[in-house]
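**Student:** give me a 3D structure for the following:
(chains A, B, C and D)
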2 protein chains.
Amino acid sequence: MAESHARNTGAHFVYGELKRRILSLELEPGERIYEPAMAAALQVSRTPLREAIRRLISENLLEQQPTGGVVVPVLDDAAVSELYDVRAALESLMAREACAKATAADIERLHGILERNAATAAFADEAMKYGVALHAAIAGIAGNSWARRFHEQVSSHMQRYRHYTNNTQERRDQALADHRILVEAVASGKPDEAARIAFEHVIGARDEALRAISGGTSASSGSTPAAK
Amino acid sequence: MAESHARNTGAHFVYGELKRRILSLELEPGERIYEPAMAAALQVSRTPLREAIRRLISENLLEQQPTGGVVVPVLDDAAVSELYDVRAALESLMAREACAKATAADIERLHGILERNAATAAFADEAMKYGVALHAAIAGIAGNSWARRFHEQVSSHMQRYRHYTNNTQERRDQALADHRILVEAVASGKPDEAARIAFEHVIGARDEALRAISGGTSASSGSTPAAK
DNA sequence: CAAACAATACTTGTATACATCTATACAACC
DNA sequence: GGTTGTATAGATGTATACAAGTATTGTTTG
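**Tutor:** Numbers count the residues shown, from 1 in each chain, chains lettered A, B, ... in the order given. Purely as a prediction, here's the structure:
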């Protein structure tokens, strides 16, 4: 899902492994990474490890401190809003671009994904999966490699905050409804409308996440009624 | 303009130097970079050079070939459109966010920049400078570090295509007019309008660039009348 | 006893040496 | 003659050794 054609090099393996540990919070936010120890743990020398670290820094998945150390960025509630906003802008753009480029076959594929999305709306994992698939399909149709690249970075990073998001049945139903009218707009070639729908779709998710954060600070269980 | 707090390390110097050469086309598109030769030319060992190269790869300013070599990406007309689109989406977002966060002092600053922009609209360099300053100010008000980061990357990359863009008097006048109503929208707190203006502003520049490309293929001299 | 200083341990940054892999040129064979 | 195989030259990937800078500890001094 990350890189299209990756060479089978040690540095690449280390990159993937570190990224996984960062996103899964296995490497705790704020934790410092010491090169010798980490290199030993991953059974490589410092050289490929450093390359992986540098790459992760430039993707904002690690942070270089002015003094010279490298730390896992701390979780920051304010960043959640920023990430959602950027994601909204990018998905909105891609939805707009997809309108102009979608072929009949593309529309067919979107409808197919939508059906499976609807069929599995009751199951969190499956619904999430097809939601992601739908966005990926739209991104593919849009064909804007820069937008896709940035979107992947943002999406990756958001995984660190996934404990905040309550994936409720309500949310899934709303998402499905949004997806329906989004595909509708793309199919009928209405770029402005598609862009608006995609934007507001993500903003809706953002607002719900923000309510979850300000309400129960941790990954609360039930559905916080969300008073506005 | 690039990095806020950069450590005074060799790898960082190499990064800046390589980036400059890539953006200025001093390193020609398609050219391959051989580490030993480049390291010798820059008077460093391969180690810091490789770190700089890796970073530039992850910023899309260099390209790793499946076989293992590293090349300067070729100029691609299709990329111009993509870059403008992403820039439009990001500036649009930041304009929207700026509406909610701008203080009276911020508005004052925007007006100040606007005045200097207007006063220098006849001079390409100056007008460009204040245009950039205006966008930077809005980005600062928006305060979305991710959007700003991506925007910087896109803006940097677009420098490689600057030979395509005809900076005509017409364009500068149009840009100034756009900037005026954009600041107006931000000042009066109309996020949707500000977002729309910012978006269309960049799209307008994009369309003009695309006309310049499809018209005179190279960096043509005069103003191509731009028939639609 | 607190504060400043010095010495030490350790981490990062860099250079170099080595191993692995790729590409190219030449030769042999079909 | 074209194609395939092979050898060789060279580039990339990795490991290790070294230099430079940072933090921490202990000591000394006001």
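**Student:** from now on I want contacts and neighbour counts done on CA atoms only, so please keep to that.
**Tutor:** Fine.
**Student:** run through chain A and note the low-pLDDT ranges.
**Tutor:** A:1-6, A:215-228 (pLDDT under 70).
**Student:** and it, which residues reach chain B?
**Tutor:** Within chain A, the positions lying close to chain B (CA under 8 Å from any CA of the partner chain) are A:5-7, A:51, A:54-55, A:58-59, A:66, A:68, A:82-83, A:85-86, A:89-90, A:93, A:144-147, A:150.
**Student:** next step: these restricted to helices.
**Tutor:** A:51, A:54-55, A:58, A:82-83, A:85-86, A:89-90, A:93, A:145-147, A:150 (DSSP state H).
**Student:** these: which two are farthest apart?
**Tutor:** By the measure CA to CA, A:51 and A:93 form the most distant pair in those, at 32.4 Å.
**Student:** picking that back up, check the residues of chain A next to chain B one by one and keep those near DNA strand D.
**Tutor:** Near DNA strand D, judged by CA under 7 Å from any atom of the strand, the entries from the residues of chain A next to chain B are residue A:68.
**Student:** are any of the residues of chain A next to chain B buried, and if so which?
**Tutor:** Buried by 16 or more other CA atoms under 10 Å in any protein chain shown: A:51, A:54-55, A:58-59, A:82-83, A:85-86, A:89-90, A:93, A:144, A:146-147, A:150, out of these.
**Student:** out of those residues, which touch DNA strand C?
**Tutor:** Counting by CA under 7 Å from any atom of the strand, no member of those is near DNA strand C.
**Student:** and which of those is nearest to residue B:23?
**Tutor:** residue A:146 (17.2 Å).
**Student:** pretty sure that closest one contacts residue B:83?
**Tutor:** Yes. Using CA atoms under 8 Å, residue A:146 is in contact with residue B:83, at 7.1 Å.
**Student:** now the closest residue to residue A:85 other than its chain neighbours: how far from DNA strand D?
**Tutor:** Excluding its sequence neighbours, the residue lying closest to residue A:85 (CA to CA, 6 or more residues apart in numbering or on different chains) is residue A:203, at 6.9 Å. With the distance defined as CA to the nearest atom of the strand, to the nearest Å, residue A:203 ends up 40 Å from DNA strand D.
**Student:** so who does the residue in chain A that DNA strand D sits nearest to touch?
**Tutor:** In chain A, the residue that lies nearest DNA strand D is residue A:10 (3.0 Å; CA to the nearest atom of the strand). Applying CA atoms under 8 Å, 6 or more residues apart in numbering or on different chains to residue A:10 gives the contacts A:44, A:48.
**Student:** how close does residue A:130 sit to residue A:177?
**Tutor:** Residue A:130 sits 13 Å away from residue A:177, going by CA to CA, to the nearest Å.
**Student:** who has more neighbours out of the two?
**Tutor:** The neighbour comparison of residue A:130 against residue A:177 (other CA atoms under 10 Å in any protein chain shown) goes to residue A:130, with 20 against 13.
**Student:** for chain A, which residues are neighbours of DNA strand C?
**Tutor:** Going by CA under 7 Å from any atom of the strand, the residues of chain A near DNA strand C are A:33, A:34, A:35, A:36, A:47, A:68, A:69, A:70.
**Student:** now the buried members of those.
**Tutor:** A:33, A:35, A:70.
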